[in-house]
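**Q** Structure, please.
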Amino acid sequence: AGLATGNHPIDALIRAAEATFTETLSKQSTNLSAAAAAYRARRGRHPPPGFGTWFRFAQERDAVIVESFWDQIYHDLEPFWAVKPARIRKDAWDFEMRISIRGGKASTGSDWFWTQIWLGLVRTVETMLPDMDIALNAMDEPRLVVPWEKMNSFVRKAEGSRRLADPKGVVTRFGKLPDVSVPVEKEEETPGKGWEKEEHYWKIARRGCPPDSAAHKALVVTDFDRTPDIASGFSLLHTEGGYVANYTLSTDFCHQPDLQALNGIFVQPLSTSATATLFPLFGGSKLSVNNDILLPAPVYWSEEERFMGTGDDAALPWDAKYDMAIWRGVATGGRNTRKNWKAFQRHRFVAMNNGTKLSGAEEGWEDPTNFVMPMDGYHVRPQEQGKLGEWVNSWSDVSFIDLMCNEKADDQQLACDYTSPYFALGSSITTTEQFMYKYLPDIDGNSFSGRYLGFLRSTSLPIKATLWKEWHDSRLTAWKHFVPMDNRYGDWYGIMEYFLGYGDDPGRDETAKRLAMAGREWASKVLRREDMQIYVLRLLLEYARVSDDRRENMGWVEDLL
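**A** Residues are numbered from 1 along each chain as shown. Have a look, this model is predicted:
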């Protein structure tokens with residue numbers, strides 16, 4: 001695609017990202033009244049009580065304060081403005097796994113390790129928080145998929161409640177709750193959850209898509225025991241020239257029905273327990289259709305070394321690294337079986353990096369089992385010369401370390417009689433060793449990938465494909481802080497050719513280095529532990545307000561009086 005003439009589509013995407021990011025930076029609030037004004041302009045309400053305390057807490061920690069950084073909070077909480085506050089409070093108290101705050105002290109009756117990590121995070125801001133109960137999801141998989149029509153009516157009703165009340169009548173203090181041992185709102189009737197166990201999650205997930213969406217209209221795939229159909233046409237809405245131009249849209253599957261057979265979450269998740277009932281459940285990640293409320297994932301707050309590495313590892317100079325891509329992982333994504341593994345994303349990505357398989361497909365002696373060769377539109381030159389397999393072998397070090405088999409082969413725990421013929425296991429590597437490579441593809445597992453934050457903080461370049469939403473998404477700019485990749489991975493070879501070059505094209509090593517360093521520098525400003533505290537403090541102040549009977553008249557208005 002115009003490699004020789006210097007007008008590659010990625011050049012334009014990087015330029016656009018620079019402009020987007022510059023505009024974001026121009027919207028910083030540096031004082032409390034500016035932050036409150038930005039809040040009212042974007043949210044249509046007064047900030048919640050405690051906003052002044054929140055702003056000072058953020059400023060003391062050198063936070064970059066741009067109102068859009070908290071958009072996820074409002075996306076998650078907005079529908080609850082259409083739910084009776086007493087019902088929100090009762091639903092939260094009734095849930096078996098929760099954190100409770102009373103009198104500025106957070107506690108839990110659960111010893112589940114995620115709950116304990118989240119409790120540790122909440123305790124760092126507990127003295128600034130009012131009484132509340134926070135229901136927590138203990139599973140990898142999100143739980144709520146309210147039908148689109150119902151969500152739409154909630155959001156419309158919520159929008160109708162937006163107003164800037166007369167500052168003189170605004171309630172500036174939160175209410176109190178009874179002791180944590182006393183059931184709240186005993187009189188309140190809450191609808192049953194009707195937990196669904198449907199293993200074929202696509203059938204549940206698509207009800208969260210608009211009724212006229214491709215996901216709703218498409219036939220449901222039930223046969224996964226074949227080479228999947230990969231339809232690049234469904235990516236046209238979020239790509240330009242074959243590369244991801246709208247990253248947020250690329251993570252939404254409602255216009256991409258072929259993904260139902262290209263990602264394990266839709267085929268057979270490890271576990272399913274879903275409800276169509278809206279209630280305030282907090283969790284670490286979710287799909288675009290889920291109505292769970294996002295917190296920073298426990299792995300990020302606890303900074304597990306197996307995901308993050310250590311600070312020194314992550315700081316290796318770019319020029320000291322291998323000019324290669326590395327990925328190691330376990331064959332997760334859900335429950336893979338003899339009949340469905342060809343639909344799993346990690347299996348597809350690993351196969352696409354097997355030079356021998358690629359050469360076999362090029363030379364016609366072996367058809368791809370679970371992927372397709374790059375579309376002609378990418379003009380991948382090694383492929384045009386019949387040398388794709390040889391070229392990929394020269395720079396890709398990608399393999400499984402465990403096939404996570406449902407039917408273990410007798411001779412070896414890690415092998416698998418139905419996938420071992422296709423995948424040779426690689427050696428385990430440490431996070432330290434991983435950071436010795438310039439390019440770090442990041443592929444979804446059972447849910448979001450816990451490596452992403454460590455990758456962003458490093459001096460290597462993350463190449464990210466995901467369907468999962470996280471708390472920090474609106475802080476990052478694709479093609480400025482990381483390289484986005486389509487969830488079919490058809491752009492993978494084109495991305496790597498862009499950076500590495502081929503033949504007489506020297507590639508763009510300096511561009512890759514610039515993106516890697518920009519991502520690292522930005523992560524050190526907006527993805528710190530302090531930023532997680534600031535996010536959670538703001539989220540829980542908003543949650544406390546939407547759970548309060550006086551919410552329509554509650555706010556922070558000191559700047560207006």
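
**Q** in the protein, which ranges drop under the pLDDT threshold?
**A** By pLDDT under 70, the low-scoring segments of the chain are 1-6, 305-311, 407-414.

**Q** Name every strand pairing with the biggest strand by length in it and say which way it goes.
**A** In the chain, with assignment by DSSP state E, the single longest strand is strand 322-330. In the sheet, strand 322-330 lines up against strand 396-402 (parallel), strand 437-443 (parallel) (DSSP bridges).

**Q** Kindly reformat those strands as a markdown table containing distance to Trp114 and mean neighbour count.
**A** Glycine gets a C-beta too; all of them are placed from N, C-alpha and C. Below are these laid out as a markdown table (distance: least, C-beta to C-beta, whole Å; neighbours: other C-beta atoms under 10 Å):
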| stretch | distance to Trp114 | mean neighbour count |
| --- | --- | --- |
| strand 396-402 | 23 | 19 |
| strand 437-443 | 21 | 23 |
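
**Q** Turn those strands into CSV, columns for distance to Gly283.
**A** Conversion of the strands paired with strand 322-330 to CSV gives the following (distance: least, C-beta to C-beta, whole Å):
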stretch, distance to Gly283
strand 396-402, 26
strand 437-443, 20
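
**Q** Figure out which of these is closest to Val526.
**A** Closest approach to Val526 among the strands paired with strand 322-330 (C-beta to C-beta): strand 437-443, 18.3 Å.

**Q** Within the helices and strands, which one has Gln59?
**A** helix 51-60 (DSSP states H and E).

**Q** and if you look at Glu521?
**A** Using DSSP H and E, Glu521 falls in helix 509-526.

**Q** Now the helix or strand following that helix - C-alpha only, CSV.
**A** Downstream of helix 509-526, the next assigned helix or strand under DSSP H and E is helix 529-546. The C-alpha trace of helix 529-546 is given here as CSV (Å, rounded to 0.1, in the frame of the first residue of the first chain):
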residue,chain,number,x,y,z
ARG,A,529,-1.4,3.6,41.1
GLU,A,530,-2.3,7.1,42.1
ASP,A,531,-4.4,7.4,39.0
MET,A,532,-6.3,4.3,40.0
GLN,A,533,-7.0,5.8,43.4
ILE,A,534,-8.2,9.0,41.8
TYR,A,535,-10.4,7.1,39.4
VAL,A,536,-11.9,4.9,42.2
LEU,A,537,-12.5,7.9,44.5
ARG,A,538,-14.4,9.8,41.8
LEU,A,539,-16.3,6.6,40.7
LEU,A,540,-17.5,5.9,44.3
LEU,A,541,-18.5,9.5,45.0
GLU,A,542,-20.7,9.3,41.9
TYR,A,543,-22.0,5.9,42.8
ALA,A,544,-22.9,7.2,46.3
ARG,A,545,-24.9,10.0,44.8
VAL,A,546,-26.8,7.9,42.3
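
**Q** and the helix or strand harbouring Ile495, what does it pack onto?
**A** Here Ile495, judged by DSSP H and E, is contained in helix 492-500. For helix 492-500, the contact count by 3 or more C-beta pairs under 8 Å, 6 or more residues apart in numbering; DSSP states H and E identifies helix 381-384, helix 388-395, strand 437-443, strand 461-465, helix 509-526 as packing neighbours.

**Q** right, and those - which one's nearest Asp549?
**A** helix 509-526 (35.1 Å).

**Q** That closest one to helix 529-546, inter-axis angle?
**A** 50 degrees (axes from the mean of the first three to the mean of the last three C-alpha atoms, to 10 degrees).

**Q** Identify the residues contacting helix 509-526?
**A** Contacts of helix 509-526 with the rest of the structure, by C-beta atoms under 8 Å, 6 or more residues apart in numbering, involve 14, 62-64, 69, 314, 318, 323, 438-439, 453, 456-462, 472, 475-476, 479-483, 499-500.

**Q** relative orientation of it and helix 492-500 in degrees?
**A** When the same axes, to 10 degrees is applied, the directions of helix 509-526 and helix 492-500 differ by 100 degrees.
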